[in-house]
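Colleague: Kindly generate the corresponding structure for this input.
(4 chains)
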There are 2 protein chains.
Amino acid sequence: MDKSSTNKNIKLSDVARLAGCATGTASRALSRPDMVSKDVIKRVQAAVEKLGYTPNNAAKSLRSRRSNLIGIVIPTIDHSIFAQAVNALENRLSQLGYSLLVTTSQFDLKRELQQTQMLVERGSEGVVLVGRMHDPELYEFLRIRGIPYINTYAYRPSEGHPFVGFDNSKATAQIAEYLFTLGHADIGVISGATKDNDRATDRVAGVKEAYRARGKELPPDRITEQPYTISGGREGLRYLLSKGKRPTAVVCSSDILAFGALSECNALGLHVPEDISIIGFDDHELAAHLRLTTMQVPAVEIGQRAAEYLVAKLNGDPVPDHAELEVRLIARGTAGPPSRKTASARTEKAR
Amino acid sequence: MDKSSTNKNIKLSDVARLAGCATGTASRALSRPDMVSKDVIKRVQAAVEKLGYTPNNAAKSLRSRRSNLIGIVIPTIDHSIFAQAVNALENRLSQLGYSLLVTTSQFDLKRELQQTQMLVERGSEGVVLVGRMHDPELYEFLRIRGIPYINTYAYRPSEGHPFVGFDNSKATAQIAEYLFTLGHADIGVISGATKDNDRATDRVAGVKEAYRARGKELPPDRITEQPYTISGGREGLRYLLSKGKRPTAVVCSSDILAFGALSECNALGLHVPEDISIIGFDDHELAAHLRLTTMQVPAVEIGQRAAEYLVAKLNGDPVPDHAELEVRLIARGTAGPPSRKTASARTEKAR
DNA sequence: TTGTAGGCGTTATCAT
DNA sequence: ATGATAACGCCTACAA
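Modeller: Next up, the predicted model:
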């Protein structure tokens, strides 16, 4: 390592000169060592080392038309379930020789479109998207440019897009069915904002479908939309309690909401699951700790599979366009049979 | 929007031809509209629209020697406190016209070096680092190439590097001092792995320093290192209880560890804070919910400031190299005065 | 096996 | 204000 030099603009031709060969040869020595003599390779490597040469990726990309960059547009990174997937995605991409460009849509489909275009301009060869509903122009943009992409955290192959994830509405339908089996007949739903959010929308829809499958309907006042926060969950629970007879069970579309609901039950002196059952979604790191019954989401596998899918596509390798991953209902302590006695009208206590 | 064409390889010269001007003029029309006539701008924009032109970023970077890319190497994204900072960093960078390349070191300094070099090869103009201890070669690499960088989540200006963050050892010293003031004299520490992790190391050191400031020493068997998980926290608490008389308070170097410790106390029938005080670090989203007394860390501000610092440096704008951000001890329900009666030796219950 | 030379798409420079 | 031309650093035919 040459310590004194301020070797900023070392280029391959400098390496070649020092190694006593042509630039093209030096290039081959580095990227196709099998096409070059042992001796030259050694000299080139020595020169690289001595000069502290780093390839210029812009030039490489320009010439080779390959950036080795993958982009992801995520609603927000500040969400443990997405963070886990991004982490897994990055690790797998890194192993496969790709780097990850991360950007956020803030749950705004127009912004998602803009950010995707930006990622592509920046050279992303493939794009990871969250959910299944995107601006139609987004799909068109990707199609025209021939950029491979994959929808994650959702599964709806009939829509004709590549998916790695699970069907959100089937997942909550399964939760509701589980509650029905336990004996519940009156279920409330605390949802995150459904606008521009197909995961949230589908999760609410799943509960409705489960009702319909039993020939019933989920009443509109059994659904409340709240911000994805603890206090959103608390507020949601209070809302549900304020509508006449209280539901015997509550399905939350994220664990954070469920934590808030749990917290509010605690504050109100409601016993879980005796007085009311609460079920979450995600299997957050702390769900086990709080004994929350919840739906486990394969975030890590989603990240890994998305990486593998895109890289396979880019290499022209065959790879299925649809991977339905398993979600698993983890029965812990917050859901049980409804209590025999009719729920006493204690809603006034809820403010 | 031209729907039928498969406009992949539209270049600026195509736009220029359609707009009836020279390539260079078209370039200026897009990037320096003030140097070009209104008329040409309009024609160029129309041509861009019609052809669906997207600039080739590799060519742009190669020629202009600017990538508008910033890189970050983070131990893991899968950690709410880092996720928050990355989220804030990305949002701020996006506003400033930069994109973010994210990569992870997995708490390994050699890997951190490699990843940093990779980020720079990929064209990052600036680099965000976590912590203050890095491979010396990393600093050298950045210095030689003249790449601006900033250390985050730490503050030690005497080391001669740019910092935006807080002094981890001062923070835990403050926690220990708070406990001393409450009347505690025997404090245990549950730390994350300190290897290659200056934040963890400094946090342990802070408690030691607080002891020394009072002319005492923190006994080695009052410190345990555990993985950053709930069960790490539980295990850590059990370890501390297994060493003779139990400490009256425990400082955890992250909230996750504290949640585990709390959980274990609960399982053991230990009342918090009557029997034992527990303090965390981070002010995790759920800390308020669990009434955890903890140190609040300005993750969002760290992310924003890091973005602003690097962009200012790249623009040649003056900007201070050191920003010490405030941490704040949030007193909630898990720390209080030690109980009067001598703690009964109930350690055998802790397995 | 190695050298030579042209071009990837853009912006900068120098004219006009 | 605009046009022409030359790089930016690398890779890859093609020639030797």
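Colleague: check contacts around residue A:168.
Modeller: Taking Cβ atoms under 8 Å, 6 or more residues apart in numbering or on different chains as the criterion, residue A:168 is in contact with A:153-154, A:198-199, A:202-203, A:206. For glycine as for every other residue, the C-beta is placed from the backbone atoms N, C-alpha and C.
Colleague: now it: how far from residue B:287?
Modeller: 29 Å (Cβ to Cβ, to the nearest Å).
Colleague: now for the host helix or strand of residue A:238, which elements pack on it?
Modeller: When elements are assigned from DSSP states H and E, residue A:238 belongs to helix A:230-242. If you count contacts as 3 or more Cβ pairs under 8 Å, 6 or more residues apart in numbering or on different chains; DSSP states H and E, helix A:230-242 packs onto strand A:187-191, strand A:223-225, strand A:249-252, helix A:255-268.
Colleague: where does the stretch 201-350 of chain A dip in pLDDT?
Modeller: A:340-350 (pLDDT under 70).
Colleague: Quick check, the residue in it closest to DNA strand C?
Modeller: DNA strand C sits closest to residue A:314 of the stretch 201-350 of chain A, with a gap of 18.1 Å, by Cβ to the nearest atom of the strand.
Colleague: can I assume that residue is in contact with residue A:125?
Modeller: Yes: counting by Cβ atoms under 8 Å, residue A:314 touches residue A:125, with 5.7 Å between them.
Colleague: overlap in contacts of these two?
Modeller: Residues touching both residue A:314 and residue A:125 (Cβ under 8 Å, 6+ apart) are residue A:148.
Colleague: Name the residue in these two with the higher neighbour count.
Modeller: Between residue A:314 and residue A:125, counted using other Cβ atoms under 10 Å in any protein chain shown, the more crowded position is residue A:125 (21 against 17).
Colleague: So residue A:75 versus DNA strand C, what's the distance?
Modeller: Per Cβ to the nearest atom of the strand, to the nearest Å, residue A:75 is found 30 Å from DNA strand C.
Colleague: Could you give me the buried positions within the helix holding residue A:238?
Modeller: Within helix A:230-242, the residues that count as buried by 16 or more other Cβ atoms under 10 Å in any protein chain shown are A:230-241.
Colleague: Name the stretch among the helices and strands packed on helix A:230-242 that sits most buried.
Modeller: Per-stretch averages of neighbours, counted by mean count of other Cβ atoms under 10 Å in any protein chain shown, single out strand A:249-252 among those, with a mean of 31.
Colleague: by contact count, what packs against that one?
Modeller: Applying 3+ Cβ pairs under 8 Å, 6+ apart, we find strand A:249-252 packed against helix A:168-182, strand A:187-191, helix A:230-242, helix A:255-268, strand A:277-282.
Colleague: if we go to 10 Å?
Modeller: The contact analysis (3 or more Cβ pairs under 10 Å, 6 or more residues apart in numbering or on different chains; DSSP states H and E) places strand A:249-252 against helix A:168-182, strand A:187-191, helix A:198-213, helix A:230-242, helix A:255-268, strand A:277-282.
Colleague: what are the ranges of the strands in chain A?
Modeller: Applying DSSP state E to chain A gives strands spanning A:69-74, A:99-104, A:126-130, A:149-152, A:163-165, A:187-191, A:223-225, A:249-252, A:277-282, A:293-296, A:322-324, A:328-330.
Colleague: So which of these is the most surrounded?
Modeller: strand A:249-252 (a mean of 31).
Colleague: Sheet-wise, list the partners of that one with their directions.
Modeller: strand A:187-191 (parallel), strand A:277-282 (parallel) (DSSP bridges).
Colleague: Which residue, other than its chain neighbours, is closest to residue A:55?
Modeller: residue B:121 (6.0 Å; Cβ to Cβ, 6 or more residues apart in numbering or on different chains).
Colleague: List the contacts of the one you found.
Modeller: Contact analysis of residue B:121 by Cβ atoms under 10 Å, 6 or more residues apart in numbering or on different chains lists A:54-57, A:60, A:99.
Colleague: Then residue A:15?
Modeller: Taking Cβ under 10 Å, 6+ apart, we find residue A:15 in contact with A:21, A:23, A:26-27, A:29-30, A:43-51, A:53, A:55.
Colleague: Can you give me the neighbour number for the nearest residue to it once chain neighbours are set aside?
Modeller: Take residue A:15 and drop its neighbours on the chain: the residue closest to it by Cβ to Cβ, 6+ apart is residue A:47, 4.5 Å away. For residue A:47, the neighbour count with other Cβ under 10 Å is 22.
Colleague: related to what we said a few turns ago, which one of the helices and strands packed on strand A:249-252 lies closest to residue B:87?
Modeller: Taking Cβ to Cβ, helix A:255-268 is the member of the helices and strands packed on strand A:249-252 nearest to residue B:87, at 15.4 Å.
Colleague: Render the CA-only coordinates of that closest one in CSV, please.
Modeller: Output in CSV follows, covering the C-alpha atoms of helix A:255-268 (Å, rounded to 0.1, in the frame of the first residue of the first chain):
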residue,chain,number,x,y,z
ASP,A,255,-48.8,-6.5,15.7
ILE,A,256,-48.1,-2.9,16.6
LEU,A,257,-51.9,-2.3,16.5
ALA,A,258,-52.4,-5.4,18.5
PHE,A,259,-49.9,-4.2,21.1
GLY,A,260,-51.9,-1.0,21.4
ALA,A,261,-55.2,-2.9,21.7
LEU,A,262,-53.7,-5.1,24.3
SER,A,263,-52.5,-2.1,26.2
GLU,A,264,-55.9,-0.5,26.1
CYS,A,265,-57.5,-3.7,27.3
ASN,A,266,-55.1,-3.7,30.2
ALA,A,267,-55.9,0.0,31.0
LEU,A,268,-59.6,-0.8,30.8
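Colleague: Is that helix positioned near chain B?
Modeller: Yes: counting by Cβ under 10 Å from any Cβ of the partner chain, chain B is contacted by helix A:255-268 at A:255-256, A:259-260, A:262-263, A:266.
Colleague: quick one on the thing from earlier: JSON lines for the strands of chain A, including distance to residue B:172?
Modeller: As requested, the strands of chain A are exported to JSON lines (distance: least, Cβ to Cβ, whole Å):
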{"stretch": "strand A:69-74", "distance to residue B:172": "33"}
{"stretch": "strand A:99-104", "distance to residue B:172": "31"}
{"stretch": "strand A:126-130", "distance to residue B:172": "37"}
{"stretch": "strand A:149-152", "distance to residue B:172": "39"}
{"stretch": "strand A:163-165", "distance to residue B:172": "41"}
{"stretch": "strand A:187-191", "distance to residue B:172": "37"}
{"stretch": "strand A:223-225", "distance to residue B:172": "41"}
{"stretch": "strand A:249-252", "distance to residue B:172": "35"}
{"stretch": "strand A:277-282", "distance to residue B:172": "31"}
{"stretch": "strand A:293-296", "distance to residue B:172": "33"}
{"stretch": "strand A:322-324", "distance to residue B:172": "45"}
{"stretch": "strand A:328-330", "distance to residue B:172": "35"}
